[in-house]
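Trainee: Pasting the sequence and the predicted coordinates here, then a few questions.
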Amino acid sequence: MSSTPWAGRRLHFLGVGGAGMSGLALVAHALGAEVTGSDRSESSYMRRLREAGLEPKVGHDAANMPDGAEVVVSTAIPDDNAELAAAREHAAAVLHRGDLLGELTRLRPTIAVAGTHGKTTTASMAAHVLVETGRDPAYVIGGEVRSTGTNAAWGEGEWLVVEADESDRSFLKLSAEIAVVTNVELDHHATFATIGELEEAFDRFTEGARVVIAELEEPDSELVPLGSRFSALGTEFELQVPGRHNVMNAFAAVLACREAGVGPEESAKALRSFAGAGRRFEEHGTGPAGSSIYDDYAHHPTEVRATLEAARTLGAERIVACFQPHLYSRTQHLARDFGRALALADMAVVLDVYPAREVAEDFPGVSGWLVAAATADAAGGRPVYWAPGLGDAERLLRAELREGDAVLTLGAGDVDALARALTGKTAAG
């Protein structure tokens, strides 16, 4: 196979600064395509694209559209996007990101990791093992693999590792040799009306795979501060990432890598150096009054609960959770569940909803206040604060934090900016 199978192809990515889209852009560039793109704002992924020699534009404008390019979009791109409108006016081919990722999965045998929770970490673990054991994989993941410093690469090895996203059903476009399902829980209410509908989609995702790794039983494990140990497949494993959920993520990754030809002993050695995925219990440093600041992408009650339970291994005086709900639809359906999960913290701060692709007008009466009220109901008198904006939360936390506190900023929006602000790296806004 040619080292540049996409040579001569032009691809223009809308929303290229996102985790998943930037990864696809990097790999398309590595495969020889002429890659351009734009996003509404700057991001760390935009900077990484520039380091790779690409020139993404900040802001959407019809003038950004190159002649003769296929346009790659995600579900987050609205129909009235100026560049998308220009593409349609000129009859340019428009591909969903899932279509392009599907093309990649047909170039190499693929480990595709799906699931409501843990897919980014599990895919990152699998990619890390393959890298560390000299397999030189390709990978496209919706978060940075900290050990490699990037979310995507096109190595010269046999295997491709991808994160498979069920949120818009795009995982059904993929061809998986090895399909991993970490768990199945209703999360994307705008896409799936019932749990049965969701389970049917996962069944379709796995039906063409040679190997399916799912419904695993938890191995014997021991949790330690910022890490864990477990026994499986006649092998002892040590992790630098905390929580039972990461034991399960690692076990799934090990089984997938075994099917790809990596023995458990090799995987165990590699996983000792796995430092985590970006925005997954990521340590940011020291905050106000000597507190310790961490950030996590948790945006579903199950994830929030798992992260706060893992935080208890830190031995902190207090666990302080600062949560930004993500999507009005999710907040509307799960506010009470979020409240019960956040009540595990010694102190909780709730921000307003990060809307992403949704608009407030479509969800009257839905705001982060619903989560704050539910948390107060469940907290048994422990302090719960409503701080709608990032700046509000920063001022509150600077006044309330004390030595011995462990602070977790939680959510899939831009709440990680608060973690950076509390450690003096940037302003929260």
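Mentor: Great, that's in hand.
Trainee: From Thr105, how far off is Leu49?
Mentor: 22 Å (Cβ to Cβ, to the nearest Å). Using the backbone N, CA and C atoms, a C-beta is placed for each residue, glycine as well.
Trainee: Which residue of those two possesses the greater neighbour count?
Mentor: Counted by other Cβ atoms under 10 Å, Leu49 and Thr105 do not tie: Leu49 has more neighbours, with 23 against 20.
Trainee: tell me which residues of the host helix or strand of that one are tucked away?
Mentor: Leu49 is part of helix 44-51 when elements are defined by DSSP states H and E. Judged by neighbour count using 16 or more other Cβ atoms under 10 Å, the buried positions of helix 44-51 are Tyr45, Met46, Arg48, Leu49.
Trainee: Need the three-state assignment for the residue nearest to the first one when sequence neighbours are not counted.
Mentor: Read it as Tyr45. Residue nearest to Tyr45 in three dimensions, not counting chain neighbours: Ser22, with 3.8 Å by Cβ to Cβ, 6 or more residues apart in numbering. Using DSSP: H, G, I helix; E, B strand; the rest coil, the three-state assignment for Ser22 comes out as helix.
Trainee: quick one: contacts for Ser22?
Mentor: Going by Cβ atoms under 8 Å, 6 or more residues apart in numbering, Ser22 touches Val16, Ser43, Tyr45, Met46, Arg48, Leu49, Asn151, Ala152.
Trainee: tally of neighbours for the residue nearest to the last one when sequence neighbours are not counted?
Mentor: Of all residues beyond its chain neighbours, the one nearest Ala152 is Gly23 (3.3 Å), with distances taken as Cβ to Cβ, 6+ apart. Residue neighbour count, defined by other Cβ under 10 Å, stands at 26 for Gly23.
Trainee: dump the residue contacts of Gly23.
Mentor: Contacts of Gly23 by Cβ under 8 Å, 6+ apart are Val140, Ile141, Gly142, Asn151, Ala152.
Trainee: cool, and Ala92?
Mentor: By Cβ under 8 Å, 6+ apart, Ala92 lies in contact with Met65, Gly68, Ala69, Glu70, Val71.
Trainee: Over to Arg305?
Mentor: Applying Cβ under 8 Å, 6+ apart, one finds that Arg305 lies in contact with Arg340, Ala341, Leu344.
Trainee: Could you do Leu410 as well?
Mentor: Asp295, Asp296, Tyr297, Ala298, His299, Val304, Thr307, Ala321, Cys322, Phe323, Gln324.
Trainee: Restricted to helices, list these.
Mentor: Val304, Thr307 (DSSP state H).
Trainee: how about the contacts of Ala92 in CSV, adding secondary structure and distance to Leu397?
Mentor: Listed next are those as CSV, based on DSSP: H, G, I helix; E, B strand; the rest coil; distance: Cβ to Cβ, whole Å:
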residue, secondary structure, distance to Leu397
Met65, coil, 43
Gly68, coil, 51
Ala69, coil, 45
Glu70, strand, 45
Val71, strand, 42
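Trainee: quick one: low-confidence parts of the chain?
Mentor: Applying pLDDT under 70 to the chain flags residues 1-3, 427-429.
Trainee: domain ranges for it?
Mentor: Domains of the chain are assigned by automatic domain parsing as 10-95, 108-271, 282-422.
Trainee: now the helices: where do they sit in the stretch 101-250 of the chain?
Mentor: 119-132, 195-206, 244-259 (DSSP state H, counting those that start in this stretch).
Trainee: just the stretch 301-429 of the chain next, same as before
Mentor: Applying DSSP H, counting those that start in this stretch to the stretch 301-429 of the chain gives helices spanning 301-311, 328-342, 368-378, 390-400, 416-422.
Trainee: May I see these arranged in JSON lines, with distance to Asp61 as well?
Mentor: Converted to JSON lines, the helices of the stretch 301-429 of the chain look like this (distance: least, Cβ to Cβ, whole Å):
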{"stretch": "helix 301-311", "distance to Asp61": "36"}
{"stretch": "helix 328-342", "distance to Asp61": "28"}
{"stretch": "helix 368-378", "distance to Asp61": "33"}
{"stretch": "helix 390-400", "distance to Asp61": "28"}
{"stretch": "helix 416-422", "distance to Asp61": "26"}
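Trainee: Can you give me the buried ones in stretch 373-393?
Mentor: Buried residues in stretch 373-393, counting neighbours by 16+ other Cβ under 10 Å, are found at 373-376, 378-379, 382, 384-388, 390, 392-393.
Trainee: Just give me how far it sits from the chain centre.
Mentor: Counting by Cα atoms, centre = their mean, to the nearest Å, stretch 373-393 is centred 25 Å from the centre of its parent chain.
Trainee: Quick one: list the elements packing against the helix holding Leu49.
Mentor: Under the contact criterion of 3 or more Cβ pairs under 8 Å, 6 or more residues apart in numbering; DSSP states H and E, helix 44-51 touches helix 19-30.
Trainee: Just checking: what are the partner strands of the next helix or strand after the helix it packs on?
Mentor: Later in the chain than helix 19-30, the nearest helix or strand by DSSP H and E is strand 34-39. As defined by DSSP bridges, the strand partners of strand 34-39 come to strand 10-14 (parallel), strand 57-58 (parallel).
Trainee: which residues sit against the first one?
Mentor: In other words, strand 10-14. The contact list for strand 10-14 (Cβ under 8 Å, 6+ apart) reads 21, 24-25, 28, 33-39, 56, 60, 64-66, 68-74, 77, 81, 83-84, 87, 100.
Trainee: coming back round to it: out of the helices of the stretch 101-250 of the chain, which is closest to Lys269?
Mentor: Relative to Lys269, the nearest member of the helices of the stretch 101-250 of the chain by Cβ to Cβ is helix 119-132, separated by 7.6 Å.
Trainee: Quick one: which of the contacts of Ala92 is the most crowded by neighbours?
Mentor: Within the contacts of Ala92, Val71 tops the neighbour count with 25 neighbours, counted by other Cβ under 10 Å.
Trainee: Next up, the contacts around it.
Mentor: Residues in contact with Val71, defined by Cβ under 8 Å, 6+ apart, are His12, Leu14, Met65, Glu83, Leu84, Ala87, Ala92, Ala93, Val94, Leu95.
Trainee: Any of the residues you listed buried? List them.
Mentor: Buried by 16+ other Cβ under 10 Å: His12, Leu14, Met65, Glu83, Leu84, Ala87, Ala92, Val94, Leu95, out of the contacts of Val71.
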